[in-house]
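>>> The sequence and its predicted three-dimensional model are supplied below.
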Amino acid sequence: MATVRSTASRVLANRAFLLACLLATSIAMAVLAVLLVSIIWQGWDGLSWKFISGLASRKAKDAGIMVPLLGSIWVCAICALIALPLGVGTAIYLEEFAKRSRFTRIVQTNILNLAGVPSIVYGILGLTAFARMFGAFGTNMDDATTFGNEESLFFLRFPFGSSVIAGGLTLMLVVLPVVIIATQESLRAIPRGLRDGSYALGATRWQTVWGITLPAAIPGIMTGAILAMSRAIGESAPLLVLGGALLVYNAPENLMSDFAVLPLQIYNWAGRPQEEFHRIAASAIIIQLGVLLLFNGVAVFIRQKLQKPLQ
Amino acid sequence: MSSLASKPLGPDPLGANPAGRDLSALGRPKSAAARRIRERIIVGSLALAACFSILVTTTIIVVLARETWGFFQFPDVTLAEFFGSIEWNPLLGAEKHFGIWPLVSGTLLITVIAASFALPIGLIAAVYLSEYASPRTRATLKPALEILAGVPTVVYGFFALTLITPILQKISPAFGSYNAMSAGLATGVMILPIVCSLSEDALRSVPRGLRDGALALGGTKFDVSVKVVVPAALSGIVAAFLLAISRAIGETMIVALAAGGVAQITANPAAEVQTMTAYMVQIFLGDAPATGVEYKSSYAVAATLFVITFGLTMLGQYILRRFREEYD
């Protein structure tokens, strides 16, 4: 630096910057506060057991969120059942087995890229691959190939159409990179020594992973999994592309049922011009945020209670 | 570990088996050949799982390319018009026009508004959290940021529609019930925690020694933060910015609720705009026949969106790799 500024001016700059820092941080916090207060203010009165357990209705005062709530649970359960084994398996392969090769570098870059793909694009992929199955079973849903009774829990239909299973699989695509990246990070945090000790006792690589590395990494993996699921439960754009069914009157009965999810129900109500629908949208948002806080709370609990320092 | 170390002759003296699994089953003698086969099968299936992510990317590209190709096969659609025309009206009017620029311009306007709100505030808040804040302040602010990051985007859309827009309308009557400013600000709020927490990660990974050195030379905290720590973490900060921008570009629910549905080229934040994602929502929610040119056009829009966000992600990774400052 050519010129040295006076100490006084530099101290002044320091003060001014600290002020800017506090301003920026309080703007961020104020936004969060305003968001929460405005939603609670609009939606608190509408909260009741009748609202939570009620079925869909065209009238705002009779409408409930039971059906979308159950739909969200179905879709997230399917998403978790597939995304977690697949994601954890990928991470284990990349961290514990794969040699540093061109292939693993490509897979790694690809996962980071997938994490940046807009969720609506996954919706298009889900629509083509799961809902329509690339047109392999014909393009008309009326002549879909079916197995079993339509009322049975094990009813199957190809292609899936805009059903619960297509929704769950589509969300699985959205959260898969999140699960992989979180698992990789928690596997990387396990000290080398643990693995070396296991090898020294004659264990094979898989025995080491299954008996030593994975159990030690479980808290980190679970935290990542819960955060991935909270992403899945709030996601709506891909399901919007997939289904388009915004008014569903029945809770899912099997994997092929039509479904609604809570965020899409909120979108539906928020998009209407009438004030009373905005109010019940706010009530539904309170429930949605409550579920998310619960998820986050469990994640924080796991992080603090189960994670033993290994160094 | 400390609790385990106190009983050195317990079942798990080295803490090597923190979950307390029954290891005797693992030690059961098995023929080497059987073990090798089992190992092969497991590694093979894990490798298959890893290949799935490649399959996903390939399928996205193939689906988008095939359907976009189908779109350009329609008689009234040409590549020259797609990139050359400044009119996008596939649904209304006697003559359909498919020029992508109004949608790109709408997306750009929303993104610029969001970025000019979130990038400076997010970066300054990150510097504050990493350099100035006491551990106690951090411990309260970080969870608040995590809550903001976890809020579903449809909630921000609702926020824009029922709170930001009415406030804007009080300020100036020029704002309609749908406008770019409201959606842009809500998108800015959405990407703020991404900018803040990723930049903070980058700032905190700068080694202590650099700060100590600069402080020892008589720098104020401001000098140290802005002239030493931020430049050292620049690649990480730029990557965080790019990721946040690509999120803003791909954001769907906020713009579908609050930005309106008029595809036009404008820089007026009070005007109604349509983004690429909002157009896709309009088509997939609407009743356009699945074989029609309007429906297929959404795939061409999706392909454009994919190329843009993919490019930004690649650029971010390149910057991280190429310009990372290593101090170890």
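Thanks, I have the structure now. None of these values were measured; they are calculated from a predicted model.

>>> And the residue in the stretch 201-328 of chain B positioned nearest to chain A, how far from A:F130?
The stretch 201-328 of chain B approaches chain A most closely through B:G250 (2.5 Å), counting by Cβ to the nearest Cβ. C-beta: built from backbone N, CA, C; applies to glycine. Per Cβ to Cβ, to the nearest Å, B:G250 is found 21 Å from A:F130.

>>> now do A:V117
16 Å.

>>> got the residue ranges for the strands in the chain?
No chain was given, so I picked chain A. A:145-147, A:156-158 (DSSP state E).

>>> switch to chain B, that's the one I care about
Residue ranges of the strands in chain B, as given by DSSP E, are B:88-89, B:97-98.

>>> To B:L123, which of those strands lies closest?
When the strands of chain B are compared by Cβ to Cβ, strand B:88-89 sits nearest B:L123, at 34.5 Å.

>>> So what's the residue count around A:L94?
Residues lying near A:L94 (other Cβ atoms under 10 Å in any protein chain shown) number 22.

>>> my read: it touches A:Q184, true?
Yes - between A:L94 and A:Q184 there is a contact at 6.3 Å, judged by Cβ atoms under 8 Å.

>>> follow-up on the earlier one: which of the strands of chain A is buried the deepest?
Comparing the strands of chain A by mean neighbour count (mean count of other Cβ atoms under 10 Å in any protein chain shown), strand A:156-158 ranks first with a mean of 16.

>>> Now do that strand, average pLDDT.
Per-residue pLDDT over strand A:156-158 has a mean of 77.

>>> try stretch A:212-222
90.

>>> and that stretch, does that touch chain B?
Yes - with Cβ under 8 Å from any Cβ of the partner chain as the criterion, chain B is reached by stretch A:212-222 at A:212, A:215-216, A:218.

>>> And that stretch, how far out from the chain middle?
20 Å (Cα atoms, centre = their mean, to the nearest Å).

>>> how about that stretch as PDB, C-alpha atoms only?
Extracted C-alpha coordinates of stretch A:212-222, given in PDB (Å, rounded to 0.1, in the frame of the first residue of the first chain):
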ATOM      1  CA  ILE A 212     -16.500 -49.700  12.800                       C
ATOM      2  CA  THR A 213     -16.800 -46.700  10.400                       C
ATOM      3  CA  LEU A 214     -20.600 -46.700   9.800                       C
ATOM      4  CA  PRO A 215     -21.600 -47.000  13.500                       C
ATOM      5  CA  ALA A 216     -19.200 -44.100  14.300                       C
ATOM      6  CA  ALA A 217     -20.600 -42.000  11.500                       C
ATOM      7  CA  ILE A 218     -24.300 -42.700  12.300                       C
ATOM      8  CA  PRO A 219     -25.000 -39.400  14.200                       C
ATOM      9  CA  GLY A 220     -23.700 -37.300  11.300                       C
ATOM     10  CA  ILE A 221     -25.600 -39.400   8.800                       C
ATOM     11  CA  MET A 222     -28.800 -39.100  10.700                       C
END
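
>>> Quick one: the residues of stretch A:212-222 next to chain B as TSV, columns for neighbour count too.
Putting the residues of stretch A:212-222 next to chain B into TSV (neighbours: other Cβ atoms under 10 Å in any protein chain shown) gives the following:
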residue	neighbour count
A:I212	25
A:P215	17
A:A216	24
A:I218	17
